[in-house]
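1. below are the sequence and a predicted model; questions follow.
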Amino acid sequence: MDAPPLLQLEDVSKVYRMGDVELHALRGVRLAIGRGEFTAIMGASGSGKSTLMNLLGCLDRPTSGRYLLDGEEVSRLSGDQLAALRNRTLGFVFQNFNLLSRTSALENVELPLLYAGTPAAARRARAREALARVGLDDRRDHHPNQMSGGQQQRVAIARALVNRPRVLLADEPTGNLDSRTSVGVMALFQELGASGITVVLVTHEPDIAEYAARVVVMRDGRIRADERRAPRRAEASPPDDGEVGP
Ligand code: ADP
Ligand code: MG
């Protein structure tokens, strides 16, 4: 029998209630994503992309339907069980990097381990390993304001990887990057996918979605298209590429 999909939404709906008004952000979404699959979620503003990502990331719960993460029905877990599942399974990447500005790259990457209570030596070793994985081992003492946007996003990706997650969820990760730097980030996601990490990426840029092996298009809270195809191959750009900000 096939292994169950890593991420599975079954007839998921999400309704936001504001006073008397009901807003149907997701309407009966069925989606199964497998291990190592690199998926882009596209769709117009307001189509439900972020709502979908928030559910996949266990930051929110469906109004109806089921979400199974690694075979576990998320809504049945206690708060502690859910926190543990999230920590060992999910990493998040954001458009604005969300790095601490007066803190070195290494310390930024160590942060999730600090929260998890990992001892200092192990923190350091794992953070260095994650920075090496994104090609930034020589920049570990730099602060974010001494790095280009592309480098900052790589630090943020290293931070997302430091707990060795199985899934990386990225909402518009290239929204603040120029196109050359964006392709470098896509090359990194393709590499992570090849190593078995499942990447789900929200983007409104068709040029970026081309690098994913699967494209899901949302409209009015529904999946309008869901296609797998041969992705465009991203050339890795040198990690010190790009302008260093003012
Ligand atoms: P996208 O990310 O594709 O732009 P969203 O998932 O953010 O779309 O939003 C989908 C719909 O749900 C939109 O109509 C939006 O206004 C609404 N919505 C999103 N979040 C909330 C919220 N917290 N409260 C009320 N309505 C919301
Ligand atoms: Mg959004």
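-> Here it is on my side, so go on. Since the structure is predicted, the reported quantities are computational estimates derived from the model, not experimental observations. Ligands and ions are numbered 1, 2, ... in the order given.

2. and the pLDDT for the residue nearest the centre of the chain?
-> Centroid check for the chain by CA atoms, centre = their mean gives Leu169 as the closest residue, at 1.8 Å. Leu169 carries a pLDDT value of 97.

3. strand partners of the helix or strand it falls within, parallel vs antiparallel please.
-> Assessed by DSSP states H and E, Leu169 sits inside strand 167-171. Sheet neighbours of strand 167-171, with direction, are listed as strand 90-93 (parallel), strand 198-202 (parallel) (DSSP bridges).

4. hmm, the last one touching ligand 2?
-> No: judged by CB under 5 Å from the ion, strand 198-202 and ligand 2 are separated, with a smallest distance of 6.5 Å. For the C-beta atoms, the positions are set from N, CA and C on the backbone; glycine is no exception.

5. can you list contacts of that strand?
-> Strand 198-202 has contacts (CB atoms under 8 Å, 6 or more residues apart in numbering) with 6-7, 33-42, 49-50, 53, 56, 166-173, 189, 192-193, 208-209, 212.

6. what about 6 Å?
-> 6, 35, 37-41, 49, 53, 167-172, 189, 193 (CB atoms under 6 Å, 6 or more residues apart in numbering).

7. same deal with the shortest one?
-> The list of residues contacting strand 90-93 from outside it, by CB under 6 Å, 6+ apart, reads 57, 156-157, 160-161, 165, 167-170, 173.

8. skipping its backbone neighbours, what lies nearest Tyr211 in space?
-> Nearest residue to Tyr211, sequence neighbours excluded (CB to CB, 6 or more residues apart in numbering): Met186, at 3.9 Å.

9. next, the one you found: phi, psi?
-> phi -60, psi -40 (degrees, to the nearest 10).

10. equivalent analysis for Ser148, please.
-> Main-chain torsions, Ser148, degrees, to the nearest 10: phi -70, psi 170.

11. how far away is it from ligand 1?
-> 27 Å (CB to the nearest ligand atom, to the nearest Å).

12. before we move on, what about Gln146?
-> Remark: distance between Gln146 and ligand 1 (CB to the nearest ligand atom) = 32 Å.

13. neighbours of that residue, how many?
-> Residues contacting Gln146 under the criterion other CB atoms under 10 Å number 14.

14. per-residue pLDDT, it?
-> In this model, Gln146 is scored at 95, pLDDT.

15. for Arg232, which non-adjacent residue is spatially closest?
-> Glu210 is the one closest to Arg232 (CB to CB, 6+ apart), at 4.3 Å.

16. burial count for the one you found?
-> Neighbour tally, Glu210, other CB under 10 Å: 17.

17. low-confidence stretches in the protein?
-> Across the chain, residues meeting the criterion (pLDDT under 70) sit at 1-2, 237-246.

18. residues of it that sit close to ligand 1?
-> 16, 18, 23, 25, 43, 45-51 (CB under 6 Å from any ligand atom).

19. the residue in the chain positioned nearest to ligand 2 in helix, strand or coil?
-> In the chain, the residue that lies nearest ligand 2 is Ser50 (3.2 Å; CB to the ion). On the three-state scheme (DSSP: H, G, I helix; E, B strand; the rest coil), Ser50 is labelled helix.

20. look up the closest residue to it, ignoring the ones flanking it.
-> Nearest one to Ser50, counting by CB to CB, 6+ apart, is Asp171 at 6.1 Å.
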